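Asker: this one's sequence-less:
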């Protein structure tokens, strides 16, 4: 308490020196979000739309919520939303899961373009600086209509911060510290708007040593380093805007192998210093470069033309034996384009039409290779429309996509630096044959037609009823079509199947929400049928493998998996209710559930792998100050509970997964704004996660399936223990 008092006094003294500066204002109050559904504008089928007009479920996470949330990475910060989970590899890498589906079934949008960074890999995270995100929209369910192939499970839209108001210049410095893994991060931002010339620059850095828990102690290989830089320059005029955004992101995560001493059961480490912030073996180096040119032209009072052109380069290197020489090196170039026109009429009609797609070139520059080099070209065209009739809003649309893919051949003994294309080898569907090719040359063309139709009925000023039916489309990725090698992230030998068909889904959504002065409640029910669902299955007899590739005789004990197809069905719901009986007290509860199954399968392969466990969350928040008394404002104290029920629906075949027992985590948080003469000069937030230091394993943790502890008999590595986070932001 003494330390907190000293810190508070120093912040107030700092505020006295900043009285002449502009204050930073929050645009949205977190705990009144549900009361403002009628005013919140998000991404819709026909451009910007109010939440109450959308037939599909959409979650919005505001900038203030992101600042208040304690997380080790960006996906960790949003994974507590109903229907959203994360597949984790330690504390530095998380992959989003929406309603039981992830990987290439989710499209991530950042700075207006698709984020492309080899997202097919289990240990490949999202290359986005969390400090540079203004707000997050989560679209649940097939969104192929607007975003093309891969948006089968949903879309994550990371919006940049809003442009600074005309005539203002701002500087913001933020920092955070976490006790469990020694995470230290900071971010410096400088932005302004002078006579319509706008700019925004940011530098961020974050580093963490290995995390710990009560059972394993420190977990070797879970440390990571992250740094990012971004810049935006542009013009804002009455005719529209033109913005150029540049981005650089670097992540250096360790790789948790989970190997244990057979006598002591302790985790083996490549260094004696488990609290090091430096690189250890094995580890990765990820670089992501981005340039986006965003333009909007106001053609008339009701019509707008928008164009976005983006270039991304992703470099992913893996180091196993030496910190100076990489064994695996993917280099991915992506050029994306989007052109769309939107128009609205006074009679309630809205129309949007456009074309978009991307070109990709992927290269292998390491000694080890897992997927072949390839070229890819995407193009899609769509048209959507909506009409409001008093209390009823109807919307829908159609889209057609075309993807052309060329995978390059590679001889088994070939010099990998040359990347010479070999003679094509015709694949066989049913028979394994010995070949001198590690990768075969093949070309595939995928066509997809998708559509959506839905309606929202405003039953009264408090209640909205939503119904939507949509069709999704996803073309197989190169890992599924052409992989041939050891995938370190899954600890298995993977072989692709070049004859895979695209996935098609049909999903129905039914939802209702109620908002009043004292109660807000939402309920969303969904049912999703997927044809040609792609999954990896173990091949015990290599003579049955559907490939003509060169597979090593000595696999060092690794099992061979090949991608296959079947049909799947997912059903589930999300429910939430928020009570605010008095102005300063808020009681919130949410529940998420999904049942994901393969059809016509025996018990061992009945359930889809990596299906999130049912989750119940409960929060109590007490707002202490709201009127800016003295030097404090928006002060609050909150307690949270996360209860994950037992997950007994798992993929049993070949011991791929095991059941996960239930567990409950308690959290606590507090925060306040620091004011001087009515102006905010700082924010301070303190969060305690896993207050009781509970030992647990998430069902979606990849570390759950590492080595068995010989002393305890328990398999895998546990998740992070108690963690205290302190976040401080200063506004100039």
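Answerer: Looks like it arrived, so ask away. Since we're looking at a predicted model, the values are computed, not measured. Numbering: from 1, shown residues only.
Asker: hey, let's count contacts and neighbours off CA atoms from now on
Answerer: Will do.
Asker: on the three-state scheme, the residue nearest to the spatial centre of the chain is what?
Answerer: Centroid-nearest residue in the chain: residue 96, 4.0 Å away (criterion: CA atoms, centre = their mean). Secondary structure for residue 96, judged by DSSP: H, G, I helix; E, B strand; the rest coil, is strand.
Asker: ignoring the adjacent residues along the chain, who's closest to it?
Answerer: Closest residue to residue 96 apart from its sequence neighbours, by CA to CA, 6 or more residues apart in numbering: residue 86 at 4.7 Å.
Asker: and that neighbour, what does it touch?
Answerer: Residue 86 makes contacts with 75-76, 79, 94-97, 700, as judged by CA atoms under 8 Å, 6 or more residues apart in numbering.
Asker: circling back: hang on, isn't the residue nearest to the centre of the chain packed against residue 107?
Answerer: No: contact criterion CA atoms under 8 Å: residue 96 and residue 107 do not qualify, at 9.9 Å.
Asker: show me where the stretch 101-250 of the chain has its helices.
Answerer: Applying DSSP state H, counting those that start in this stretch to the stretch 101-250 of the chain gives helices spanning 144-147.
Asker: which parts of it are strands?
Answerer: 101-102, 106-110, 113-114, 135-140, 154-159, 169-178, 184-194, 197-208, 212-213, 217-218, 224-237, 240-253 (DSSP state E, counting those that start in this stretch).
Asker: dihedrals phi and psi, the residue nearest to residue 96?
Answerer: The phi and psi values for residue 86, taken as degrees, to the nearest 10, are phi -140, psi 140.
Asker: separation between it and residue 644?
Answerer: 13 Å (CA to CA, to the nearest Å).
Asker: wait, is residue 75 part of a helix?
Answerer: Yes: inclusion of residue 75 in a helix is indicated when three-state DSSP is applied.
Asker: any idea how far it is from residue 251?
Answerer: Distance, residue 75 to residue 251, by CA to CA: 15 Å.
Asker: which strand residues bridge the residue lying closest to residue 407 once chain neighbours are set aside?
Answerer: Leaving aside its sequence neighbours, residue 407 sits nearest to residue 374 (CA to CA, 6+ apart; 4.4 Å). Beta bridges link residue 374 to residue 362, residue 407, judged by DSSP bridges.
Asker: which residues touch residue 374?
Answerer: So residue 374 contacts 360-363, 405-408 (CA under 8 Å, 6+ apart).
Asker: from residue 251, how far off is it?
Answerer: Using CA to CA, residue 374 is found at 25 Å from residue 251.
Asker: can you name the residues that contact residue 348?
Answerer: Neighbours of residue 348 in contact, by CA under 8 Å, 6+ apart: 386-389.
Asker: residue 332 too?
Answerer: Counting by CA under 8 Å, 6+ apart, residue 332 makes contact with 117-118, 312-315, 360-363.
Asker: just name the closest of the residues you listed to residue 724, please.
Answerer: Each of the contacts of residue 332 was checked against residue 724 using CA to CA; the closest is residue 117, at 31.3 Å.
Asker: so that closest one is in contact with residue 123, correct?
Answerer: No: assessed by CA under 8 Å, residue 117 is found out of contact with residue 123, at 11.6 Å.
Asker: so residue 469, which state does it fall into?
Answerer: Going by three-state DSSP: residue 469 is strand.
Asker: for it, give the beta-bridge partners.
Answerer: Judged by DSSP bridges, the bridge partners of residue 469 are residue 453, residue 508.
Asker: if I look at it, how far off is residue 675?
Answerer: 49 Å.
Asker: do residue 570 as well
Answerer: Computed as CA to CA, the residue 570 to residue 675 distance reads 49 Å.
Asker: any regions of this structure where pLDDT drops low?
Answerer: 1-39, 45-46, 413-435, 489, 542-550, 553-554, 628-629 (pLDDT under 70).
Asker: what comes up buried for the helix or strand hosting residue 456?
Answerer: Assigned by DSSP states H and E, residue 456 belongs to strand 442-458. For strand 442-458, burial by neighbour count (16 or more other CA atoms under 10 Å) applies to 442, 444, 446-458.
Asker: mind checking how far it is from the chain centre?
Answerer: Mean C-alpha position of strand 442-458 versus that of the full chain (CA atoms, centre = their mean, to the nearest Å) differs by 22 Å.
Asker: same question for stretch 252-268.
Answerer: The answer for stretch 252-268 is 27 Å, by CA atoms, centre = their mean.
Asker: start and end of it, how far apart?
Answerer: End-to-end for stretch 252-268, by CA to CA: 20 Å.
Asker: name the residues that touch it?
Answerer: Residues from elsewhere that reach stretch 252-268 (CA under 8 Å, 6+ apart): 89-90, 92-93, 216, 219-226, 279-286, 703, 706-712, 716-717.
Asker: switch to 6 Å and redo it
Answerer: The list of residues contacting stretch 252-268 from outside it, by CA atoms under 6 Å, 6 or more residues apart in numbering, reads 221-225, 282-285, 706-707, 709-711.
Asker: and what of stretch 72-82?
Answerer: Counting by CA under 6 Å, 6+ apart, 71, 85-86, 94, 130, 592 sit against stretch 72-82.
Asker: most neighbours among the residues you listed, which one?
Answerer: The most crowded member of the contacts of stretch 72-82, judged by other CA atoms under 10 Å, is residue 85 (27 neighbours).
Asker: wasn't it part of a helix?
Answerer: No: going by three-state DSSP, the assignment for residue 85 is strand, not a helix.
Asker: ok, now which ones touch it?
Answerer: By CA under 6 Å, 6+ apart, the residues touching residue 85 are 79, 97.
Asker: show me the beta-bridge partners of it.
Answerer: Here residue 85 sits in beta bridges with residue 97, going by DSSP bridges.
Asker: all strands for the stretch 551-700 of the chain, in order.
Answerer: 560-579, 585-598, 615-623, 632-644, 663-676, 679-689.
Asker: would you tell me which one of these is buried the most?
Answerer: Highest mean neighbour count among the strands of the stretch 551-700 of the chain (mean count of other CA atoms under 10 Å): strand 679-689, with a mean of 23.
Asker: immediately after that one, which helix or strand?
Answerer: Counting by DSSP H and E, the next helix or strand C-terminal to strand 679-689 is strand 723-731.
Asker: tell me the helices and strands packed up against that next one.
Answerer: strand 169-178, strand 679-689 (3 or more CA pairs under 6 Å, 6 or more residues apart in numbering; DSSP states H and E).
Asker: repeat that with 10 Å
Answerer: When contacts are defined as 3 or more CA pairs under 10 Å, 6 or more residues apart in numbering; DSSP states H and E, strand 723-731 sits against helix 2-17, helix 63-68, strand 169-178, strand 184-194, strand 663-676, strand 679-689.
Asker: how far off centre is it?
Answerer: Counting by CA atoms, centre = their mean, strand 723-731 comes out at 23 Å from the chain centroid.
Asker: rewinding a little: distance of the residue nearest to residue 96 relative to residue 48?
Answerer: Per CA to CA, residue 86 is found 28 Å from residue 48.
Asker: how many residues are close by residue 322?
Answerer: Counted with other CA under 10 Å, residues neighbouring residue 322 total 13.
Asker: need the contact list for the closest residue to it other than its chain neighbours.
Answerer: Nearest-residue entry for residue 322: residue 281, 7.3 Å, with adjacent residues in sequence omitted and distances by CA to CA, 6+ apart. The contact partners of residue 281, by CA atoms under 10 Å, 6 or more residues apart in numbering, come to 220-221, 254-257, 269-271, 318-323.
Asker: wait, residue 483 sits on residue 476?
Answerer: No: the criterion here is CA atoms under 10 Å, and residue 483 misses it with residue 476 at 11.8 Å.
Asker: overlap in contacts, those two.
Answerer: 497-498.
Asker: for residue 460, which three-state class applies?
Answerer: With three-state DSSP as the basis, residue 460 sits in coil.
Asker: my read is that residue 605 contacts residue 596, right?
Answerer: No: judged on CA under 10 Å, residue 605 makes no contact with residue 596 at a distance of 11.3 Å.
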